[in-house]
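S.K.: Structure for this input, please:
(chains A and B)
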Amino acid sequence: MIKSNYDLVVIGGGSAGMAGAIEARKLGVKDILIIEKNDYLGGILNQCVHNGFGLTEFKEELTGPEFMTRLSDEVEKLKIDYVLNTTVTSLLPDKTIYASNQDGFYVIKAKAILLTTGCYERNAGAIMLPGERPSGVVTAGTAQLYLNIYGYLVGKRVFILGSGDIGLIMARRLTLEGAKVLGVAELCPYSNGLNRNIVQCLQDFNIPLYLSHTVSNVSGDDGILKSITISQVDEHNQIIPGTEKKYECDTLLLSVGLIPNSPLLRDAGAKLARTKGAIVNERYETSIPGVFTAGNVLHVHDLVDLVTKESRLVAHFIKEYLDNKQSDSSSSLDVIPGDGIGYVLPHKITKGNTHDVTFKFRVRKPIKDLNVIFLDKDHEIKRIFKPVLIPSEMTEINLTNDELKQFKNNITVKVEKKV
Amino acid sequence: MKKTNYDIVVIGAGVIGCNIARELSQYELSVLVLEKDNDVCARASMANSAIVHSGYDPVPGTLKARFNVAGNKMFDELCKRLCVEFYRIGSLTIAMNDEQMKTLMSLKERAKENGVEVKILNHDELLKIEPNINPSAAGALLAPTAGIVDPFTFCAHNIENALDNGVILHLNEAASNVIDNGDHFLVKTEKDTYQAKIVINAAGHGSYKLASQLEKLDYEINPRKGEYFVFDHYTVGLVNHTIFPLPSAKGKGILVSPTYSGNYLVGPSSELSEAEDHSTDPATLAMVKAGALEMVPSLPFNELIRVFAGVRATPSDHDFHIAPLKTHPKFIHLCGIESPGFVSSPAIALYVVNELVKPLINLKKKNNYIPNIRPSLVTRKMDNVARAKLVKEHPEYGEIICQCEKISKGEILDAMSRSDHPHTIKAIKKRCRAGFGKCQGGFCQPLVAKMISEYYHIPLNEVLYSKIGSNVVRYKTKGEK
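M.R.: Numbering: from 1, shown residues only, chains lettered A, B, ... in the order given. I've put the predicted structure just below:
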């Protein structure tokens, strides 16, 4: 049963959505509805049957389904309403939600919205994969779903492009299921997955990792994958002729990045960053007042534990919004990614902010012996030494409210090699 | 027993074959369509710009000019009958400088000769209707009758309608050889031999080779590949018309166009290739990108969702070939149907049937001919009230399978229940758009695969992506026996 009015509607019942709803309920938000497109809560965690989840959230090592069950049990215990098999077809700037399922087509009004729709996988078209487009070229997450939920392997001679974590996890999973994983090619001169996954998923199974390599050709026989060619790339990611290696395979798995699944926000008119996540202020509120966002739809996280932590934090801001207790957000300072920074968020700090703020960012390239520097335009406000930062690990740095008060123009974050 | 004796065998179910099949289906004839792929509309008919060209630019007096202009006029009624999305958005051919403006004037004369309405726009008039065009453009030639169409359902619904009216379609059956036995032909495939009074050779790239077995042709086909980009749904109004550069010897040039579904299409390149080479390469795509950016500098290349290539069957004499073979008058040969082949297809079909088939066989209209397909429902185009009502009556239209394109289970079930019974992931994609969006089927492919498996009562590992052998999953996990 879906009502026409709620205090909070959470769009997306994965880990971010459930954690946000749970925290909001604990803070006293009464009327909450979680809308989930699948026929189960938990989102992508359901297909992540490997372990390594929950070390900070639950202080123990869990599998994805175990982690998500902890959350869904709590959703049940707190009697938070949720609907499954339900798709939000559009979101309007006045926080009207259109939702569709087999029982009806609904128009729902929400006082506040938490959008936690996760991300999707970058695919062959988006990276302009050279060569033909035969069947057998599959994103790693889709292959993971076929394997772990449906019980089928996409193929048995597999090459993997991209060293993202899903690709690494799938290298091990496919090997255990009897497939031959021929290798992993990574465009960057470093891996984009977590180090523990490189060790446990590739090295332990003698699967070669080719850094500074990419797939330079895909070849099929009348629409069916037969072979791929990898080539080494130079520092400008240009293919070096003569370095080709050809692999006969029935599957090319793509693990080439995740993209925030944010079209609902875009179509509602919210401003998006270059990364396709929403532009948010320090309360994780988008440019549409009362519409908040967290988790992988905002920026892709390293670990689910970081997703739930972020979403719980956002629940506090939602509670403040619903209680009309939030500070003035009529003007704000921009947070600007400076030298060496891929992205940083929040993207804006409102002038009325009275909290400390944790800045989350990723560096563009691995860097050692460095300082992270916060500047007000050109004037340095804060400097923190770090022995090493890598793109695959998100960095968090806290600035106190007193420190934030010193910024007048903007907040620029950069990294600099220590001299 | 399998029927092997037909009045007419149509070879090839691309846009030409599908239109001809439908046109023939209104008569008391037995018609077989042979298609070598596992679905109709699988080659050039699938991979092209899907533009219903106005017909202003083909050389006056050519078959291209004749059928383009005539075909364009047929799209409104035909698309209504066949539930195909079609929008007359108009095309703009852009002049970047005063020299090119002079060329536009001569193109305007050509339009007049072809009987096509056009208008020259100056810089200000152009920028007013297309604010994202390169502001240094000098002006443009507006052809208001140009349109954009869904090329996939245009083919699929044509063949569906033909099948509704009694035509037989065999997929995965390529005609390898045609023998003229005087009073009938023998059409040979790997599976069978068929007898036909008339053969219509609409085999696209394959048609030249087939006809050459019967007669030496006095022209050649030099396939030209075109590579494209597809962008996701993006701000409405990035461009409002199909934007062309000036045409050149290589063709109509790199266009930027909205598509019927709200995406944007950029391309094609034009380079000599093999007929079956559908590969893309970074260098060619970089050239396409540069050409497109010159006309529309703000094109969002970070909204890219797909690249693809199609191959034109470019004839050495640069005109369509649509005629019976001289030495085999009942072998109607269609060859070199490159651009503007898509827009020309209904007019070509009408010509083939009314002018070429009619003298050869008695055409008696069927009493029970149905000119329309069963209407299909597109939920994303319905308003809230209509949607709510539909879901109450048919709950399956409430369950969304493709999140990117918002395609419901009901729409997919409806497609599978039609007379052409699409049974692959790609066939569903072409008819319903499931998998056409930004995730390219990452989320919905497993759900569609499951639906196919349930609908056709086949195990999941027998569900095909497209071709035979393209099973989406191949092996069961160790735990499953």
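S.K.: what about dumping the CA coordinates of the helix or strand where A:Ala143 lies to CSV?
M.R.: A:Ala143 belongs to helix A:140-145 when assigned by DSSP states H and E. Below are the C-alpha coordinates for helix A:140-145, written out as CSV (Å, rounded to 0.1, in the frame of the first residue of the first chain):
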residue,chain,number,x,y,z
ALA,A,140,31.7,-7.6,-14.9
GLY,A,141,28.7,-6.8,-12.7
THR,A,142,26.3,-8.3,-15.1
ALA,A,143,28.4,-11.4,-15.4
GLN,A,144,28.5,-11.5,-11.6
LEU,A,145,24.7,-11.4,-11.4
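S.K.: So what touches that helix?
M.R.: Contact with helix A:140-145 is made by A:44, A:47-48, A:121, A:154, A:160, A:162, A:164, A:166-167, A:169-170, A:173-174, A:251, A:253-255, B:441-443, B:445-446, as judged by CB atoms under 8 Å, 6 or more residues apart in numbering or on different chains. No exception for glycine: its C-beta is placed from N, CA and C like everyone else's.
S.K.: Inside helices: which ones of the residues you listed?
M.R.: A:Ile166, A:Gly167, A:Ile169, A:Met170, A:Arg173, A:Leu174, B:Gln445, B:Pro446 (DSSP state H).
S.K.: Could you find which two of these are furthest from each other?
M.R.: Farthest pair in the ones in helices among the contacts of helix A:140-145 (CB to CB) is A:Ile169 and B:Gln445. Separation: 19.7 Å.
S.K.: what residue lies at the spatial centre of chain A?
M.R.: Nearest to the geometric centre of chain A sits A:Val300, at 2.1 Å (CA atoms, centre = their mean).
S.K.: doesn't that one fall inside a helix?
M.R.: No: read with DSSP: H, G, I helix; E, B strand; the rest coil, A:Val300 is coil and lies in no helix.
S.K.: Phi and psi next, for it.
M.R.: Dihedral pair for A:Val300: phi -80, psi 120, per degrees, to the nearest 10.
S.K.: you'd agree it is up against A:Lys276?
M.R.: No: A:Val300 is not in contact with A:Lys276 according to CB atoms under 8 Å; the separation is 10.1 Å.
S.K.: and for these two, which residues touch both?
M.R.: A:Pro260.
S.K.: how about low-confidence regions in chain B?
M.R.: The model of chain B has pLDDT under 70 over residues B:1, B:480-481.
S.K.: got the domain boundaries for it?
M.R.: In terms of domains, chain B is parsed into B:1-85+B:148-219+B:316-375, B:86-147+B:221-312, B:379-462 (source: automatic domain parsing).
S.K.: what's the closest of these to A:Lys351?
M.R.: A:Lys351 lies closest to domain B:86-147+B:221-312 among the domains of chain B, at 30.1 Å (CB to CB).
S.K.: ok, now which ones touch the residue in the stretch 151-300 of chain B positioned nearest to chain A?
M.R.: Residue nearest to chain A within the stretch 151-300 of chain B: B:Ser279 (4.8 Å; CB to the nearest CB). Applying CB under 8 Å, 6+ apart, we find B:Ser279 in contact with A:Pro130, A:Gly131, A:Glu132, A:Asn217, A:Val218, B:Ala309.
S.K.: Identify the farthest-apart pair in the residues you listed.
M.R.: A:Asn217 and B:Ala309 (13.8 Å).
S.K.: The two: which is more packed in?
M.R.: Under the criterion of other CB atoms under 10 Å in any protein chain shown, the comparison of A:Asn217 against B:Ala309 puts B:Ala309 first, with 23 against 18.
S.K.: is it fair to say the more buried one lies in a strand?
M.R.: Yes: counting by three-state DSSP, one finds B:Ala309 located in a strand.
S.K.: Who is it paired with across the strands?
M.R.: Beta-bridge partners for B:Ala309, by DSSP bridges, are B:Glu227.
S.K.: between the ones in helices among the contacts of helix A:140-145, which is nearest A:Ile288?
M.R.: Taking those together and measuring to A:Ile288 by CB to CB, the closest member is A:Ile166, at 30.8 Å.
S.K.: Name the nearest residue to the closest one, ignoring sequence neighbours.
M.R.: A:Ala140 (4.3 Å; CB to CB, 6 or more residues apart in numbering or on different chains).
S.K.: got the residue ranges for the helices in chain A?
M.R.: Secondary structure of chain A (DSSP H): helices at A:15-26, A:64-77, A:140-145, A:165-176, A:195-197, A:263-268, A:304-322, A:401-405.
S.K.: Of all those, which one is nearest B:Asp183?
M.R.: Proximity to B:Asp183 (CB to CB) singles out helix A:140-145 among the helices of chain A, at 54.8 Å.
S.K.: Looking at that closest one now, give me its mean pLDDT.
M.R.: Helix A:140-145 carries an average pLDDT of 98.
S.K.: Check the offset of it from the chain's centre.
M.R.: Distance, stretch centre to chain centre, for helix A:140-145: 16 Å (CA atoms, centre = their mean, to the nearest Å).
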